[in-house]
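[1] let's see this in three dimensions:
(one chain, ligands or ions: 1)
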Amino acid sequence: MFATVKPRAEGDFWLAQTHGASPALLFDPGRVRRTWRALEDALPGVTLYYAVKSNNHSTLLNVLADMGASFDVASAPEVTQLISLGVGVNRMIHTHPIKTDKEMAASTGFGVETFVVDNIDELWKLVPYRHDIRVMLRLAFVAPDAPVDLSRKFGAQPADALDMLAMAGSLGLNVDGLCFHVGSQAASAVTHAHALNVCIDLAAEAARREIADITRIDIGGGFPAQYGDVPVDFEHFCAPIREAMTRVPEHISLLAEPGRAISAPSMTLVARVIGRSHRDTGWWYYLDDGVYGAQSGRLFDHIDYPMVIYTDGVERSPAVFAGPTCDSIDRFGDQESLPILAVGDVIVIHEMGAYTVATACHFNGVAPR
Ligand SMILES: Cc1ncc(COP(=O)(O)O)c(C=O)c1O
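    Predicted coordinates:
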């Protein structure tokens, strides 16, 4: 964890934004619009499907829906939520590789058409729905520079892709897409570009063997949020993808499923020190938000959020931060040396919209904000 220290009085700016409430997540719709457009500009011609799982707050979904965004869903409840906000199912793809029959019945019942598979059992599960759906085959590619690896859990090996396409065809399934997710918060798009190139070649080979007509490739998520000092530049980040896009044949359209890159910048956490205790390891500061709240991503998403601390403390001491619950796991970040904080000091964490409230819970009766 790294922390920036600023004068306590400047923290009042943030408390004014929340009308004195803490913990609170401040939502900035302008950031959502700007980030979405920046990613669209960096990936010309690619249809973006916002990954609802990263943050399904209705206010955020509404901003995106109003912009005409499409959505990547993982469950029927996400489909229901979007429908309740007026989003048509033609703007949704269902990308969870593992589905129960109940899930399939519910999602197809709503009219969702696109589903994802990555294994043979799943192909069989889709057979009863084959007349109503289009299928994308998910392949595993790992970005070594992404802290969240999804390929160990999901994705068929590219070497097995043609056999799986052939089998899907023999089962009467319409597999018209290939997709991948290289891992979340990738440091570069080198793996996206490599995976796209492999998919282009597989699509050509599938056509040559007449086993599938691939008309779309979904390059997934993995686009980064800014957790450090260096601003994210989508134009620069996506350059390797644009290079690979020059090889995409005209009959193949491209999709992407950004989650974090869109939702993270949309929210800022404002928290306060609600208690402190001098223990043998130095000062412990108990905040009104912790790993069961908006900072749940510290556990589930492996992100070490940089803090901005507003205090008038001068004398320094080792410091440990903890959340408001009684659980010992609810602590984060030891600092070797920090000004000694006071109760009421303000902590602000930016880029707190992705995999934060989405994974928070009500442990100890403390409601996530
Ligand atoms: C299938 C799928 N698509 C998209 C995403 C969003 O990824 P990211 O937040 O890295 O953009 C995820 C994240 O887990 C995912 O599982």
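[2] let me see the ranges of the helices in the stretch 201-350 of the chain.
    Under the criterion DSSP state H, counting those that start in this stretch, the stretch 201-350 of the chain carries helices at the ranges 234-237, 239-245, 260-263, 297-300.
[3] the residue of the stretch 151-300 of the chain found nearest the ligand: neighbouring residues, count only.
    Here the stretch 151-300 of the chain gets closest to the ligand at one residue, Gly221, 2.4 Å apart by Cβ to the nearest ligand atom. All C-beta atoms are positioned from the backbone trio N, CA, C, and that covers glycine. For Gly221, the count of nearby residues is 31 (other Cβ atoms under 10 Å).
[4] quick check: the most far-flung residue of the chain relative to its centre vs the ligand, distance?
    Relative to the centre of the chain, and counting by Cα atoms, centre = their mean, the farthest-placed residue is Glu315 at 39.3 Å. Noted for Glu315: a distance of 41 Å to the ligand, by Cβ to the nearest ligand atom, to the nearest Å.
[5] and what of Trp124?
    In terms of Cβ to the nearest ligand atom, Trp124 sits 21 Å off from the ligand.
[6] so that residue, which state does it fall into?
    Secondary structure for Trp124, judged by DSSP: H, G, I helix; E, B strand; the rest coil, is helix.
[7] what's near enough to touch it?
    Going by Cβ atoms under 8 Å, 6 or more residues apart in numbering, Trp124 touches Leu171.
[8] ditto for the one 4 residues further on
    Under the criterion of Cβ under 8 Å, 6+ apart, the contact partners of Pro128 comprise 101, 104.
[9] next: the one 4 residues further on.
    Asp132 makes contact with 108, 113 under the criterion Cβ under 8 Å, 6+ apart.
[10] ditto for Glu113
    Glu113 neighbours (Cβ under 8 Å, 6+ apart): 89-90, 132-134.
[11] what do you get for Ala225?
    Going by Cβ under 8 Å, 6+ apart, the list of residues near Ala225 reads 185, 232, 260-261, 264-265, 351, 354.
[12] what is the neighbour count of Glu122?
    Neighbours of Glu122 (other Cβ under 10 Å): 21.
[13] doesn't Asp101 make contact with it?
    No - at 11.4 Å, Glu122 and Asp101 do not qualify as touching, with contact defined as Cβ atoms under 8 Å.
[14] highest neighbour count among the contacts of Ala225?
    Top of the contacts of Ala225 by neighbour count (other Cβ under 10 Å): Ala264, with 30 neighbours.
[15] could you find the closest non-adjacent residue to that residue?
    Ala225 (3.3 Å; Cβ to Cβ, 6 or more residues apart in numbering).
[16] can you narrow the contacts of Ala225 down to the ones near the ligand?
    Near the ligand, taking Cβ under 6 Å from any ligand atom as the test, the members of the contacts of Ala225 found are 260-261.
[17] and the contacts of Ala225 as CSV, adding pLDDT?
    Compiled in CSV, the contacts of Ala225 are given as follows (pLDDT from 0 to 100):
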residue, pLDDT
Gln185, 94
Val232, 94
Arg260, 98
Ala261, 98
Ala264, 98
Pro265, 97
Glu351, 96
Ala354, 97
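[18] mind putting the contacts of Ala225 into a markdown table with distance to Pro44?
    A markdown table is the format used below for those (distance: Cβ to Cβ, whole Å):
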| residue | distance to Pro44 |
| --- | --- |
| Gln185 | 23 |
| Val232 | 18 |
| Arg260 | 21 |
| Ala261 | 17 |
| Ala264 | 23 |
| Pro265 | 21 |
| Glu351 | 26 |
| Ala354 | 24 |
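[19] nearest to Glu250, out of the contacts of Ala225: which one, please.
    Nearest to Glu250 among the contacts of Ala225: Ala261, at 27.4 Å, using Cβ to Cβ.
[20] just for the stretch 251-369 of the chain, where's the confidence low?
    Filtered on pLDDT under 70, the stretch 251-369 of the chain yields the residue ranges 367-369.
[21] how many neighbours does the closest residue to the ligand within the stretch 1-150 of the chain have?
    Proximity of the stretch 1-150 of the chain to the ligand (Cβ to the nearest ligand atom) peaks at Ala51, 3.5 Å away. Ala51 is flanked by 27 other residues according to other Cβ under 10 Å.
[22] OK, contacts around it?
    Counting by Cβ under 8 Å, 6+ apart, Ala51 makes contact with 72, 221, 257-260.
[23] apply 7 Å and report the result again.
    72, 221, 257-259 (Cβ atoms under 7 Å, 6 or more residues apart in numbering).
[24] Ile329: which of those is nearest?
    Using Cβ to Cβ, the contacts of Ala51 come closest to Ile329 at Gly259, 25.1 Å.
[25] pretty sure the closest one contacts Ser54?
    Yes - with contacts counted by Cβ atoms under 7 Å, Gly259 reaches Ser54, the gap being 3.1 Å.
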